[in-house]
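1. following is a predicted model, sequence given first.
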Amino acid sequence: MKTLLLLLTLAGFSGCNHPASPVQAREVKVAAGEIGSPLPQFFAKDLQGHPISSAELQGKVVLIDFWATWCEPCKKEMPGYQKLADRYGTRGFVAVGFKANMMPDPEEPVGFARKIGVQYPLVTLTDDLMQKFGGLEGLPTTLLYDRQGILRKKVIGFEYTDVFESELKTLL
């Protein structure tokens, strides 16, 4: 009985060291460019001088495509992303391309895009912009964000358009 009384007394004193305010839940932050991370805030001009910003993408399903004129898999993917933009643009889908500049372009980028049939906005990727998206591990890299601006799919390397289309349909 004395042991029980001693344990209850010690338990009561141990509770005195805790703060009186309620413990708040900590928000888990997902690293930029990882599944579950938010679309970064940005403002840029596309290759034709038109402004584009993350603010105008709010409420839309957004495909971000990192590409380069010298990247053969990029040349294969980009026309498929244009077809998705044509097919689903009226339902709230947008594609935006960010042109990597780690190597010189063998072709003029606007002419390159026109030649392969790409009309979605294309922006030169600056170091600052690249860091906002969590860096770049390889080309092509494709990110798919839902209407709430949360990253739902990330592919480094070539992927067939129909894989993105099936994921896209669930987000629309």
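-> Cool, got the structure.
2. would you state the strands of the protein in chain order?
-> For the chain, strands defined by DSSP state E occupy the ranges 43-45, 51-53, 61-67, 93-99, 122-124, 141-145, 151-156.
3. okay if I get these as CSV plus distance to residue 83 and mean neighbour count?
-> C-beta coordinates here come from the backbone N, C-alpha and C atoms, glycine included. Formatted as CSV, these follow (distance: least, Cβ to Cβ, whole Å; neighbours: other Cβ atoms under 10 Å):
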stretch, distance to residue 83, mean neighbour count
strand 43-45, 24, 14
strand 51-53, 20, 13
strand 61-67, 12, 23
strand 93-99, 10, 23
strand 122-124, 16, 18
strand 141-145, 14, 22
strand 151-156, 17, 17
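4. and these as CSV, adding distance to residue 133?
-> CSV is the format used below for these (distance: least, Cβ to Cβ, whole Å):
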stretch, distance to residue 133
strand 43-45, 12
strand 51-53, 14
strand 61-67, 7
strand 93-99, 8
strand 122-124, 12
strand 141-145, 7
strand 151-156, 9
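5. pipe those into TSV and attach mean pLDDT per row.
-> Shown next, in TSV, are these (pLDDT from 0 to 100):
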stretch	mean pLDDT
strand 43-45	95
strand 51-53	97
strand 61-67	98
strand 93-99	98
strand 122-124	96
strand 141-145	97
strand 151-156	97
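6. tell me which of these lies nearest to residue 35.
-> Closest to residue 35 of the strands of the chain is strand 151-156 (Cβ to Cβ; 5.6 Å).
7. neighbouring contacts of that closest one?
-> 33-39, 137-138, 140-146, 163-164, 167, 171 (Cβ atoms under 8 Å, 6 or more residues apart in numbering).
8. kindly recompute the last result at 7 Å.
-> 34-37, 137-138, 141-146, 167, 171 (Cβ atoms under 7 Å, 6 or more residues apart in numbering).
9. that one pairs with which strands?
-> Strands that pair with strand 151-156, judged by DSSP bridges, come out as strand 141-145 (antiparallel).
10. thought residue 161 was touching residue 82?
-> No. Using Cβ atoms under 7 Å, residue 161 makes no contact with residue 82, being 9.6 Å away.
11. returning to that earlier point: figure out which of the strands of the chain is closest to residue 87.
-> Closest among the strands of the chain, once you apply Cβ to Cβ, is strand 93-99, at 8.1 Å.
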